[in-house]
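1. curious how this folds, go ahead:
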Amino acid sequence: MHVPDGFLDAPTSLGTAAVAALGVGLALRGARRELDDRTAPLAGLVAAFVFATQMLNFPVGAGTSGHLLGGALAAVLVGPWTATLSLSVVLLVQGLLFADGGLTALGTNITLMGLVGVWAGWLVFRAAQSVLPKRLSMVAPSAAAAALVSVPLAALAFVGLYAVGGQAPIPLDRLATAMLGWHVLIGLGEAAITGLVVSAVLAVRPDLVHGARRVRESHELVIRDEVRA
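-> Residues are numbered from 1 along each chain as shown. Prediction:
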């Protein structure tokens, strides 16, 4: 998913850079509402985990490999605004120190993984929570579903950017088929990892999981009503 330098033309890269800058600016404000003294350390741990797992690829077939995007996972654990900041820091460090994604394509990569990946995952997660039972045990499956959907959506977003300003000699239809097909498989791996990690954190500290707040608050209201009755 990391886009290299020169894969998109200059106007498209500048456009995604502007979108990324706006998104990060909004995230700086939004993260203040999501973080407190208890959850701030978790944001650092999430960024470190996403950084480490993005450096590890797993095979998906035909010589192709994938890695965790981490957008849905980060959004569920620490909130979407904080997740956008975490992914942006990860991508910046990867581009500067490891040449993983080009610097001129940094805005593109933040847009795809830090914005589309995070927010598509978060919206799917909230949609799943709205239809599934309001139980703590449903948080991890909802997060897995969010991860599964967010990866191919980010891939489709890249195909859209390539249609506007692609510079590589690759037919658009072939690119779209390959990106969507492989990223559905990558999404399955991401869903498994996301579900396991969220389950592990919930088992130890459910109070730190941002995506579990509404469930816990609804349970607390029910308990209070029962006590009053």
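2. which residue comes closest to the spatially most central residue of the chain once chain neighbours are left out?
-> Of all residues in the chain, the one closest to the mean position by C-alpha atoms, centre = their mean is G71, 0.8 Å from it. In this structure, G71 finds its nearest non-sequential neighbour in G117, 3.0 Å apart by C-beta to C-beta, 6 or more residues apart in numbering. Heads up, the C-betas are built off the backbone N, CA and C, glycines and all.
3. now A127: which helix or strand?
-> A127 is located in helix 118-131, with elements delineated by DSSP states H and E.
4. please apply the same query to R29.
-> Here R29 sits within helix 10-34, counting by DSSP H and E.
5. which element follows that helix toward the C-terminus?
-> Per DSSP H and E, the first helix or strand lying C-terminal to helix 10-34 is helix 40-54.
6. what inclination does that next one have with respect to helix 10-34?
-> Here helix 40-54 runs at an angle of 140 degrees relative to helix 10-34 (axes from the mean of the first three to the mean of the last three C-alpha atoms, to 10 degrees).
7. restricting to C-alpha, output helix 40-54 in CSV.
-> Extracted in CSV, the C-alpha atoms of helix 40-54 (Å, rounded to 0.1, in the frame of the first residue of the first chain):
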residue,chain,number,x,y,z
ALA,A,40,-2.3,8.7,26.2
PRO,A,41,0.3,5.9,26.8
LEU,A,42,-1.8,3.5,24.8
ALA,A,43,-1.6,5.8,21.7
GLY,A,44,2.2,5.5,21.8
LEU,A,45,2.0,1.8,22.1
VAL,A,46,-0.5,1.6,19.2
ALA,A,47,1.8,3.7,17.0
ALA,A,48,4.8,1.4,17.9
PHE,A,49,2.8,-1.7,17.2
VAL,A,50,1.6,-0.5,13.8
PHE,A,51,5.1,0.6,12.9
ALA,A,52,6.5,-2.8,13.8
THR,A,53,3.8,-4.8,12.1
GLN,A,54,3.9,-2.7,8.9
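8. what residues sit buried inside it?
-> L42, A43, V46, A47, F49, V50, F51, T53, Q54 (16 or more other C-beta atoms under 10 Å).
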